[in-house]
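Engineer: Sequence first, predicted model second:
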Amino acid sequence: MKINRIEWLDVSKGIGIILVIIGHCVYLGGGMHNWIFSFHMPMFFILSGVLIRKENLNTFVKKRFKSLIVPYFVFCLVGLIVTFVIPVFRIKYNIHGLLYDLYMGSPDYINISSIWFLVCLFIASVILQIIFTICNNNQKIELCILVVIGIVGFSFAQLREKYFLFLPVCRLPCNIDVSCIAIIFLSFGFYFSKFFLKLEINFSLLNIRRKYLLSILLLIISIFLSIINGRVNLHGLIFNNVVLYIIESIVGTLTIIFVSIMLQNSAIFISKIFVWFGKNSLKILGLQAVLIRIYIVAANNFEQAEYELYYLKGKHIVLALLFVLVFSCLITCIVNTVLLKLSQRGIFSLITK
């Protein structure tokens, strides 16, 4: 059965994945970096929550494992191959790196770290579905449990370097600590899914001037909040003011959604480009992490420099962005073509059964 996709949601994911790439290219702690990180990953959890439905737990876990954990291991394999092929990466990889990657569920040492999102989304969505199952549609109890999980997650983030020094790098395994916070955004998307799904209709009732004013106002508020709260990072458990972080995440998400709806209605060609990025956001998420590191290796060899991730300067910010965009799109198109050919021959469906 063909699933009807929500176009503005794909556009939002498309804009989001491009912001992920930009966020990895711009300088750490700069205004652009702080603004992007104030909402971009929470936005993906909120958008994922919009599409979650209460269903049989076993069926849900199987589907999520296939759609999230299987790609995670595929990308890990890609990361391992690239790490052992490129000498600079191979020299830095050791048993410590292997153990760190296994413990964290965030393969930093095989240069494909961004796929931590897949593990967190799997854990958070399964926990949410478990809560649905045990609470038997009692929304008050569901919300109470979710609030407790959120409080535990944010408290751990604030206290981990003081009271949890016995844990490796003061973190819980497989990004469980991040998942406890991500579930707040995931559940926000779920409980407000009707609001989000009606947003396109309600937004379209406004005249073009009000649409622009509302979008610009949200953007200004989002930027202002990112300036006040400073550098944050969901995966790094850096939030500064927790209340401000939650607000800026939601405001930033709404900003992108409103822009997406406007693009969908008035700039169809541009919208279609972002739709493609949105539909392929999972592949691009995995590819961009290793591609930007490959660019940094090339830049360092060419200029005899020592650039690092988040510490690119000048022309290399733009060049790295273009490099990652071009090659992630090219590789994604090749992969899609191969998968289509396999599907047409019935091989892909046989493999994925």
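Structural biologist: Yep, it's here.

Engineer: What about Ile268, how many residues nearby?
Structural biologist: 10 (other Cβ atoms under 10 Å). Where you see a C-beta, it was placed from the backbone N, CA and C, and this is true even at glycine.

Engineer: any chance you could read off phi and psi for it?
Structural biologist: For Ile268, the backbone dihedrals (degrees, to the nearest 10) come out as phi -60, psi -40.

Engineer: confidence score at it?
Structural biologist: On pLDDT, Ile268 comes in at 77.

Engineer: Tell me who's in contact with it.
Structural biologist: By Cβ atoms under 8 Å, 6 or more residues apart in numbering, no residues touch Ile268.

Engineer: quick one: low-confidence parts of the stretch 51-200 of the chain?
Structural biologist: For the stretch 51-200 of the chain, no stretch is flagged by pLDDT under 70.

Engineer: Could I get the full set of helices for it?
Structural biologist: Here the stretch 51-200 of the chain has its helices, by DSSP state H, counting those that start in this stretch, at 57-64, 70-85, 87-92, 95-104, 116-135, 139-163, 176-191, 193-204.

Engineer: Which positions in the fifth one come out as buried?
Structural biologist: By neighbour count with 16 or more other Cβ atoms under 10 Å, helix 116-135 contains the buried residues 116-129, 131-132.

Engineer: which residues sit in contact with the residue nearest the centre of the chain?
Structural biologist: The chain has Met41 as the residue nearest its centroid, 4.3 Å off, counting by Cα atoms, centre = their mean. Listed by Cβ under 8 Å, 6+ apart, the contact set of Met41 reads 20, 117, 182, 234-235.

Engineer: ok, now Asn265?
Structural biologist: Asn265 touches Ser204, counting by Cβ under 8 Å, 6+ apart.

Engineer: is it true that Phe274 touches Ser260?
Structural biologist: Yes. Using Cβ atoms under 8 Å, Phe274 is in contact with Ser260, at 7.2 Å.

Engineer: Spit out the residues that contact these two alike.
Structural biologist: Joint contacts of Phe274 and Ser260 (Cβ under 8 Å, 6+ apart) are 11, 15.

Engineer: how about Ser113, what does it touch?
Structural biologist: By Cβ under 8 Å, 6+ apart, the neighbours of Ser113 are 106-107, 289.

Engineer: helices and strands around the helix or strand encompassing Ile221, which ones?
Structural biologist: Element membership for Ile221, per DSSP states H and E: helix 208-229. For helix 208-229, the contact count by 3 or more Cβ pairs under 8 Å, 6 or more residues apart in numbering; DSSP states H and E identifies helix 31-37, helix 242-266 as packing neighbours.

Engineer: okay if I get those helices as CSV plus distance to Gln139?
Structural biologist: As requested, the helices and strands packed on helix 208-229 are arranged in CSV below (distance: least, Cβ to Cβ, whole Å):
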stretch, distance to Gln139
helix 31-37, 32
helix 242-266, 20
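
Engineer: Name the residues that touch stretch 166-177?
Structural biologist: So stretch 166-177 is contacted by 100, 103-106, 116, 119-120, 123, 153, 156-157, 160-161, 164, 235, 237 (Cβ under 8 Å, 6+ apart).

Engineer: Return that stretch as PDB; C-alpha atoms alone will do.
Structural biologist: What follows is stretch 166-177 as a C-alpha-only set of coordinates in PDB (Å, rounded to 0.1, in the frame of the first residue of the first chain):
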ATOM      1  CA  PHE A 166      32.300   6.300  37.500                       C
ATOM      2  CA  LEU A 167      30.700   6.000  34.100                       C
ATOM      3  CA  PRO A 168      32.800   6.000  30.900                       C
ATOM      4  CA  VAL A 169      33.100   9.600  29.800                       C
ATOM      5  CA  CYS A 170      30.300  10.300  32.300                       C
ATOM      6  CA  ARG A 171      27.700   9.000  29.900                       C
ATOM      7  CA  LEU A 172      25.100   6.200  29.800                       C
ATOM      8  CA  PRO A 173      25.600   3.500  27.100                       C
ATOM      9  CA  CYS A 174      24.000   3.800  23.600                       C
ATOM     10  CA  ASN A 175      23.000   7.400  24.100                       C
ATOM     11  CA  ILE A 176      20.300   6.400  26.600                       C
ATOM     12  CA  ASP A 177      20.800   9.700  28.300                       C
END
